[in-house]
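Chemist: Structure here, sequence nowhere to be found:
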């Protein structure tokens, strides 16, 4: 069973899907297309696709060609940031689609321990706090 890496046509109308994707694309400052992820991390493109299938990374179709890209903030030196996978799982288990997960991670929240969005707090080492908040969203 392959998991969705974007919005499914059955989930939202075309107008809603486009608006939602545009909103998320605007929240994320920098996107990296899959071949560029492979080059940056020094890994084969197939491994990048495996990261998507295993949900170590999330991607969205962006840009004029609507090619798959991942937020630059999701990448470490040699691949996905390790704290992301569990956070993705908690949010998905709470019923969020990938585009909603991306929106939540990149939407600024003044109540976080680090100024900015949840992704900023994750990068600063506040994984437990972010996952606690993610779990609270499910209830």
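Modeler: Structure received. Just so it is clear, the structure is predicted and the values come from calculations on it, not from any experiment.
Chemist: Which helix or strand in the chain has the lowest average pLDDT?
Modeler: Ranking every helix and strand in the chain by mean pLDDT, DSSP states H and E puts helix 14-27 at the bottom, with a mean of 75.
Chemist: Which other helices and strands does that helix contact?
Modeler: strand 60-62, helix 98-106 (3 or more CB pairs under 8 Å, 6 or more residues apart in numbering; DSSP states H and E). All C-beta atoms are positioned from the backbone trio N, CA, C, and that covers glycine.
Chemist: For residue 114, which of the ones you listed is the nearest?
Modeler: Residue 114 sits nearest to helix 98-106 of all those, at 13.2 Å, using CB to CB.
Chemist: quick one: that closest one to helix 14-27, angle?
Modeler: 30 degrees (axes from the mean of the first three to the mean of the last three CA atoms, to 10 degrees).
Chemist: low-scoring pLDDT stretches of the protein, where are they?
Modeler: For the chain, applying pLDDT under 70 flags the ranges 1-17, 139.
Chemist: Show me what the longest strand seen in it packs onto, helices and strands only.
Modeler: In the chain, with assignment by DSSP state E, the single longest strand is strand 67-71. Judged by 3+ CB pairs under 8 Å, 6+ apart, strand 67-71 is in contact with strand 31-33, helix 34-41, strand 60-62, helix 98-106.
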